[in-house]
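Student: Here you go, sequence then predicted model.
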Amino acid sequence: MAQRGEALRHRRGRGMRRVLFAALTCSLATSLLVACGMTATGNTVTLWMYPVISDPVKSREFWEKVEAGFEARNGVDLRVELQPWAGRQEKLGAALMSGSGPDVVLLQPDMIPQYVAQHALQPVDGSQRGERKFRPSAVTALTMQGQAYGVPIYQTVTTTVYNRKVFAEAGITELPRTWDEIKAAAPRLAARGVPVLDYSGSTEETLNLTFYPLLWQAGGSVFSPDGERSAFSSPEGVAALRFLVDLKSMNGLPRDATTRRSSLKDYPVATGRAAMAHAATDAEARNVIAAIGRENTAIGLPLQHKTRATFGTPGALSLSRTAPSAAKQLLTYLSSPEVVEELCARSGFFPPWSDPATPTDEVDRSFTEALPFAFAGDTHPQARKTMSLLAPHIQAALLGEKTPEQALAEAAVEVDGILGGN
């Protein structure tokens, strides 16, 4: 992020390709290999990887080194196929269900339950035992029915980013940290033609980076605790959507907020066309700094309403149901500190360890402070489908076609209609 969406959001890659590899020296503890029972040679393992490293050249270089290092260490043929974010779920779902897909694949927690329910994945077992402990929240997000279905290799987090300059020009010296403070600041900024809050309401946007953080801050959730029905049409959900609708009526959202897609290239907070963002990525924060200067940029904790919460998720490697035993060797190798820390340094994401690394600069420090409030979302086999059903109703409320109550109630009927078939 520019990685929003999948790994925070869909980015376009250069399509699937086999990467031919150079050299990397990277050692693993023998105990890790023994724990996984790996002695295979002559096997072939296929990994589907996505543009976690946004620069195509740097991404290709990194995965070339990984392939060579793994093969030299384990005597197993590794085939890394770099895939685009676009069309990811459709292509991957078809491949996994047909048994023709990858042995190891990068997934986010909200994708895993549907594949587990379809018996397309196998547990990762002892591959999570290593030299460093993973963040408990990451392990929980990747666990279903007491079994882990993913090994974390990075952690994302979003938080609040401000254009301090436009606040100062409106005579606002105390940056808003709560919903009430945002609503109080909205009229003064609107009088100068600046919306207080950036929002991307296109139905193609992931709700994890738009509506859901507000839902969580209101104390709400997407699904009931037993997962048998929706929960977003609760008073908490209505409060979150009402907050957005009220801001729009006060000119507190961009004029095209109902249909706009997010873009790092034309980021409103960086251009002064919005005063703040509530779920910004590290890359977006750095973009604002590059555009208006560090002195005019502020990075705060996630917003507070009933609670403080934001979106942040582990990126994890999962095993297909047909993966050979050597695939667990690959999980152990890719989750080693040497590989993980280089991946995170190149991608701008954070290591998944419970003891965070020392921040490299002030931006990383600010985002590290937001990590305790990161939530990977409501995991459910129908999580992705629920987003696609809910998003148009949120858009309709922002367009003034429905009240927040009507929009969420109608969406709940549709979502509850699919939950009976989990």
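Tutor: Cool, got the structure. Residues are numbered from 1 along each chain as shown.
Student: Neighbours of the residue nearest to A374 when sequence neighbours are not counted, how many?
Tutor: Nearest in space to A374, with sequence neighbours left out and distances taken as Cβ to Cβ, 6 or more residues apart in numbering, is G312 at 2.6 Å. Placement of C-beta: from N, CA and C, glycine included. Neighbour count for G312, taken as other Cβ atoms under 10 Å: 31.
Student: what about A298, which helix or strand?
Tutor: Counting by DSSP states H and E, the element that carries A298 is strand 297-300.
Student: hmm, back to that, OK, contacts around the residue nearest to A374?
Tutor: Residues in contact with G312 (Cβ atoms under 8 Å, 6 or more residues apart in numbering) are Q155, T156, V157, T158, A370, L371, F373, A374, F375, A376.
Student: And the next helix or strand past the strand or helix carrying the fifth one?
Tutor: So that's A370. Assigning secondary structure by DSSP H and E places A370 in helix 362-370. Going down the chain from helix 362-370, the next helix or strand is strand 374-375, by DSSP H and E.
Student: Just the residues contacting that next one, thanks.
Tutor: By Cβ under 8 Å, 6+ apart, strand 374-375 touches S137, Q155, T156, V157, T158, W216, A309, T310, F311, G312, T313.
Student: what's the closest of the residues you listed to A383?
Tutor: Closest to A383 out of the contacts of strand 374-375 is T313 (11.7 Å), distances taken as Cβ to Cβ.
Student: For the closest residue to that closest one other than its chain neighbours, list the residues it contacts.
Tutor: Among residues not flanking T313 along the chain, A376 sits closest, at 4.2 Å (Cβ to Cβ, 6+ apart). For A376, the contacting residues are Q108, P109, D110, S137, A138, A141, F311, G312, T313, P314, by Cβ under 8 Å, 6+ apart.
Student: try T203
Tutor: Going by Cβ under 8 Å, 6+ apart, T203 touches S388, A391, P392, Q395.
Student: ok, 6 Å please
Tutor: Residues near T203 by Cβ atoms under 6 Å, 6 or more residues apart in numbering: A391, P392, Q395.
Student: Which strand or helix spans the first one?
Tutor: Secondary structure assignment for A391, by DSSP H and E: helix 383-398.
Student: Show residues contacting the very next helix or strand once past that helix.
Tutor: Using DSSP H and E, the helix or strand that follows helix 383-398 in sequence is helix 404-419. Helix 404-419 is contacted by residues 229-230, 232-233, 237-238, 241-242, 245, 382, 386, 389-390, 393, 396-397 when judged by Cβ under 6 Å, 6+ apart.
Student: What are the contacting residues of the helix holding A391?
Tutor: So helix 383-398 is contacted by 110, 201, 203, 207, 211, 241, 245, 248, 258, 402, 404, 407, 410-411, 414-415 (Cβ under 6 Å, 6+ apart).
Student: Pick out the most distant pair among the residues you listed.
Tutor: D110 and K248 (27.2 Å).
Student: And the helix holding A391, what's buried?
Tutor: Within helix 383-398, the residues that count as buried by 16 or more other Cβ atoms under 10 Å are 383-384, 386-387, 389-391, 393-398.
Student: Kindly report the same for stretch 213-225.
Tutor: Applying 16+ other Cβ under 10 Å to stretch 213-225 flags P213, L214, L215, W216, Q217, A218, G219, G220, S221, V222, F223 as buried.
Student: Endpoints of it, how far apart?
Tutor: Using Cα to Cα, to the nearest Å, one end of stretch 213-225 lies 18 Å from the other.
Student: secondary structure element for V288?
Tutor: According to DSSP H and E, V288 maps onto helix 282-292.
Student: Just the CA trace of that helix, in PDB.
Tutor: Provided in PDB are the C-alpha atoms of helix 282-292 (Å, rounded to 0.1, in the frame of the first residue of the first chain):
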ATOM      1  CA  ASP A 282       2.000   3.400   6.200                       C
ATOM      2  CA  ALA A 283       2.500   4.100   2.500                       C
ATOM      3  CA  GLU A 284      -0.300   6.600   2.500                       C
ATOM      4  CA  ALA A 285       1.100   8.400   5.500                       C
ATOM      5  CA  ARG A 286       4.500   8.600   3.800                       C
ATOM      6  CA  ASN A 287       2.800  10.000   0.700                       C
ATOM      7  CA  VAL A 288       1.200  12.800   2.700                       C
ATOM      8  CA  ILE A 289       4.600  13.600   4.200                       C
ATOM      9  CA  ALA A 290       6.200  13.700   0.800                       C
ATOM     10  CA  ALA A 291       3.500  16.000  -0.500                       C
ATOM     11  CA  ILE A 292       3.100  18.500   2.300                       C
END
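Student: Which elements pack onto that helix?
Tutor: helix 268-271, strand 297-300 (3 or more Cβ pairs under 6 Å, 6 or more residues apart in numbering; DSSP states H and E).
Student: Would you convert those into CSV that also reports distance to V45, mean pLDDT and mean neighbour count?
Tutor: As requested, these are exported to CSV (distance: least, Cβ to Cβ, whole Å; pLDDT from 0 to 100; neighbours: other Cβ atoms under 10 Å):
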stretch, distance to V45, mean pLDDT, mean neighbour count
helix 268-271, 41, 96, 22
strand 297-300, 40, 98, 20
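Student: a markdown table please, covering these and showing distance to P176.
Tutor: As requested, the helices and strands packed on helix 282-292 are arranged in a markdown table below (distance: least, Cβ to Cβ, whole Å):
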| stretch | distance to P176 |
| --- | --- |
| helix 268-271 | 14 |
| strand 297-300 | 9 |
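Student: Tell me which of these approaches G75 most closely.
Tutor: Taking those one by one with Cβ to Cβ, strand 297-300 is closest: 46.0 Å.
Student: Which other helices and strands does the closest one contact?
Tutor: strand 159-163, helix 282-292.
Student: wait, which of the ones you listed is closest to S347?
Tutor: helix 282-292 (9.6 Å).
Student: In the closest one, which residues are buried?
Tutor: Neighbour counts over helix 282-292 (16+ other Cβ under 10 Å) mark D282, A283, E284, A285, R286, N287, V288, I289, I292 as buried.
Student: S366: which of those residues is nearest?
Tutor: Comparing those against S366 with Cβ to Cβ picks out A285 as the nearest, at 7.5 Å.
Student: Which helix or strand contains the residue nearest to V105 when sequence neighbours are not counted?
Tutor: Of all residues not flanking V105 in the chain, W48 sits nearest, at 4.5 Å (Cβ to Cβ, 6+ apart). Remark: W48 resides in strand 44-49, with elements defined by DSSP H and E.
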